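>>> Just a sequence and a predicted model for now, questions to come.
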Amino acid sequence: MYFPNCLCLKNKNNMLNYHQEGVIMKKISIVVPCYNEEESLPLFYKEVNKVTEKMKAKAEFEFVFVNDGSKDNTLEELRNLAKKDKRVRYISFSRNFGKEAGMLAGLENATGDYITTMDADLQDPPTLLEEMFDTLESGEYDCCATKSTNRKGYSFLRKTFTKWFYDIIGKISKTEMVPGARDFRLMTRQMVDAIISMREYNRYSKGLFSFVGFKTKWIDFEIEDRAAGTSKFNFWKLFSYAIEGIVAFSTAPLAFAALVGVIFCFIAFILIIFIIVKTLVWGDPVGGWPSMACILFFVGGIQLFCTGIIGEYLAKTYLETKHRPVYIVKETEKKLKK
């Protein structure tokens, strides 16, 4: 964006700001992970562009789209947007690496003073961006985040498990997890740099946002229906994502597995003593095989459950030690300039 009679300044992050009549124009980077969002992208760009036009006197903008190995024409849509709008940048992965990888890539490549993460489905209203910007400009907060007050479109099962997840994670983790928290938030460069510095392979952004700290203001809103397309997160994927969050930010399940082992050892010892005494004193025969089989199956199930918990942590540790890249870039908007 060109500003006449402006002094162009570079801040400590080597990013350009513009000075006009004593006012520094801040730059906002809009990070948007995309997976099969061909239908949503034109609608998203149109709605967000209305907000950027309204705020053009306050800040300049850049779009950082991340194509997470989409199988539809998402990449072609991003190419078209980049051709018609110089503010649009995109990163395209070599395959689908997951939303967490997409968010990391966007944050690492964003050049703004403030960075926001948004979904392309327009379930989070872009109109909140101006309020979020004004909040951070006051200097009192480092982050302005959103949380939904409703679960519109969620099934009863999904609502129930979501509530259980936040109840459980709130009790076993030292990192605060706000119920209903969304990925839509506006953060300062300092906060984003802190998040990027955490080089984890198994990432859980909602936990990382809380872990790094920084003063956050929360805005409540009612979640909207998707503008187009269908959700890529089914129940099983959300359940796996919840397990990822628990494993990433709490070792309580390991303590639980150890405690269960101790309890069963104690119960087994008591039962052995009881059977020996009963046989010696009263001469009663030992119970038959059906009850023994039931006990063995029950105890075996508990053992496998506890082994699974330990295995989950070992698997995460194994992946971390391999030091694989979180994502691999195949194409960016720079290709269009060649």
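Perfect, I can see it now.
>>> Please enumerate the helices of the stretch 151-300 of the chain.
Here the stretch 151-300 of the chain has its helices, by DSSP state H, counting those that start in this stretch, at 156-172, 189-196, 205-211, 235-249, 252-282, 289-322.
>>> Flag whichever of those has the least confidence on average.
Ranked by mean pLDDT, those bottom out at helix 235-249, which scores a mean of 65.
>>> The longest strand that the chain contains pairs with which strands?
Determined from DSSP state E, the single longest strand within the chain is strand 23-34. Sheet pairing of strand 23-34 (DSSP bridges) gives strand 16-20 (antiparallel), strand 59-67 (parallel), strand 114-117 (parallel).
>>> Beyond the second one, next helix or strand please.
Right, strand 59-67. helix 74-84 (DSSP states H and E).
>>> Which strands or helices does the next helix or strand after that following helix pack on?
Where DSSP H and E defines the elements, the next helix or strand beyond helix 74-84 is strand 88-93. If you count contacts as 3 or more CB pairs under 8 Å, 6 or more residues apart in numbering; DSSP states H and E, strand 88-93 packs onto strand 59-67, helix 74-84, helix 99-109, strand 329-332. The way it works is simple: take the backbone N, C-alpha and C, and place the C-beta from them, glycine included.
>>> Pull the number of nearby residues for residue 311.
12 (other CB atoms under 10 Å).
>>> brain fart, residue 117
26.
>>> Now do the contacts for it.
31-33, 103, 106-107, 183-185, 205 (CB atoms under 8 Å, 6 or more residues apart in numbering).
>>> ok so, going back, return the set of buried residues in the longest strand of the chain.
25-34 (16 or more other CB atoms under 10 Å).
>>> Give the rounded mean pLDDT of it.
Rounded mean pLDDT across strand 23-34 is 84.
>>> next helix or strand past that strand?
Following strand 23-34 toward the C-terminus (DSSP H and E): helix 40-54.
>>> Out of the helices and strands packed on strand 88-93, flag the one nearest residue 269.
helix 99-109 (45.1 Å; CB to CB).
>>> what's in contact with that closest one?
Residues contacting helix 99-109 (CB under 8 Å, 6+ apart): 29, 31-35, 64-66, 68, 89, 91, 93, 115, 117, 183, 192, 195-196, 203-205, 326-327, 329.
>>> Same question for stretch 43-58.
1, 25-26, 30, 32, 37, 61, 63, 81, 118, 120-122, 126-127, 129-130, 133, 227-228.
>>> Please apply the same query to stretch 206-220.
Contacts of stretch 206-220 (CB under 8 Å, 6+ apart): 128, 131-132, 135, 140-149, 173, 175-178, 181, 183, 185, 187-188, 190-191, 194-195, 198, 200, 245, 248-249.
>>> just to revisit the earlier point, can you list the contacts of residue 117 in CSV and add distance to residue 322?
Below are these laid out as CSV (distance: CB to CB, whole Å):
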residue, distance to residue 322
31, 27
32, 29
33, 24
103, 21
106, 24
107, 23
183, 27
184, 32
185, 31
205, 21
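>>> before we move on, the earlier item: any of the contacts of helix 99-109 buried? List them.
29, 31-35, 64-66, 68, 89, 91, 93, 115, 117, 183, 192, 195, 203-205, 326-327.
>>> any idea which helix or strand carries residue 132?
Per DSSP H and E: helix 129-137 holds residue 132.
>>> What residues does residue 93 make contact with?
66-69, 101-102, 105, 327-330.
>>> Can you tell me which of those residues lies closest to residue 270?
Taking the contacts of residue 93 together and measuring to residue 270 by CB to CB, the closest member is residue 101, at 50.3 Å.
>>> Show the end-to-end separation of stretch 187-206, please.
Stretch 187-206 has its terminal residues 13 Å apart, counting by CA to CA, to the nearest Å.
>>> next one: that stretch to chain centre, how far?
10 Å (CA atoms, centre = their mean, to the nearest Å).
>>> Next, the buried residues of that stretch.
Those would be 187-189, 191-192, 194-195, 203-206, for stretch 187-206 by 16+ other CB under 10 Å.
>>> What sits closest to the most centrally placed residue in the chain if chain neighbours are left out?
What sits nearest the mean C-alpha location of the chain, by CA atoms, centre = their mean, is residue 205, with 3.4 Å. Nearest non-adjacent residue to residue 205, counting by CB to CB, 6 or more residues apart in numbering: residue 103, 5.6 Å away.
>>> residues near that neighbour, how many?
Neighbours of residue 103 (other CB under 10 Å): 21.
>>> Tell me where the model's unsure across the stretch 51-200 of the chain.
Low-confidence segments of the stretch 51-200 of the chain (pLDDT under 70): 150-159, 165-166, 169-170, 172-175.
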